[in-house]
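Enquirer: with the sequence up front, the predicted model follows.
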Amino acid sequence: MLATEPQCRTNLSSVQHSVNEFDFISVECDVRYRGKWAPTIACQPHGRLVLNNVTDNYVRYKQVISAKPQLHGQLILCTTSFTNPSPSLLPTSSSSTDFGEPPNSSYKWTSQTIRVASRPKSGKYTFSFKAYVT
């Protein structure tokens, strides 16, 4: 059973939910739970899983996704559901049937629409500098 709703977030800009093309989008979710079943977190689209830490009452999940042009206009969907016994109970039990039925609940989090900013066609970014003479 969830003790708190999962808290998910990205590193997308807070105003326009944008990222530069081929940079990385970081997706992180945290949730506290209680009981014999630990929640599992999975996000779409899939990226490279960086962290999936499950303790006796806490799950932290993190993945990174390459900001390819095809992601422009898409959403990130993270689903939290119960499929695994709590880690603290595994050494003392021989199978998951010892835990009864998992909770029949899930939670879905959806990001804002992703805006992928294209790189300039030249492949170079331009910068301007101001010179101060004293």
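Expert: Yep, that arrived.

Enquirer: lowest-pLDDT helix or strand in this protein?
Expert: Sorting the helices and strands of the chain by mean pLDDT, DSSP states H and E puts strand 77-85 at the bottom, at a mean of 84.

Enquirer: need the contact partners of it.
Expert: For strand 77-85, contacts defined as CB atoms under 8 Å, 6 or more residues apart in numbering pick out 2, 6, 8, 27, 29, 31, 36-44, 54, 61, 93, 96, 99, 102-103, 105-111. For glycine as for every other residue, the C-beta is placed from the backbone atoms N, C-alpha and C.

Enquirer: if any of these are buried, put those into a PyMOL selection.
Expert: A single PyMOL command suffices to select whichever of these are buried according to 16 or more other CB atoms under 10 Å:
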select buried, resi 2+6+8+27+29+31+36+37+38+39+40+41+42+43+54+61+96+99+102+107+109+111
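
Enquirer: inside strands: which ones of the contacts of strand 77-85?
Expert: Mapping the contacts of strand 77-85 onto strands (DSSP state E) picks out 8, 27, 29, 31, 37-44, 54, 61, 106-110.

Enquirer: just the pLDDT at the most centrally placed residue in the chain, thanks.
Expert: Geometric centre of the chain, nearest residue: residue 27, 3.1 Å, by CA atoms, centre = their mean. The model reports residue 27 with a pLDDT of 95.

Enquirer: give the contact list for it.
Expert: Per CB under 8 Å, 6+ apart, neighbours of residue 27: 8-10, 43, 47, 62-65, 76, 78, 111.

Enquirer: residue 61 too?
Expert: Shown in contact with residue 61 (CB under 8 Å, 6+ apart): 28-30, 41, 43, 51-53, 78.

Enquirer: same check, this time on residue 15
Expert: Under the criterion of CB under 8 Å, 6+ apart, the contact list for residue 15 is empty.

Enquirer: that one in helix, strand or coil?
Expert: Assigned with DSSP: H, G, I helix; E, B strand; the rest coil, residue 15 falls in the coil class.

Enquirer: quick check: mean pLDDT across stretch 47-60?
Expert: For stretch 47-60, mean pLDDT rounds to 88.

Enquirer: again with stretch 113-126
Expert: Averaged across stretch 113-126, pLDDT comes to 72.

Enquirer: brilliant, that's me finished.
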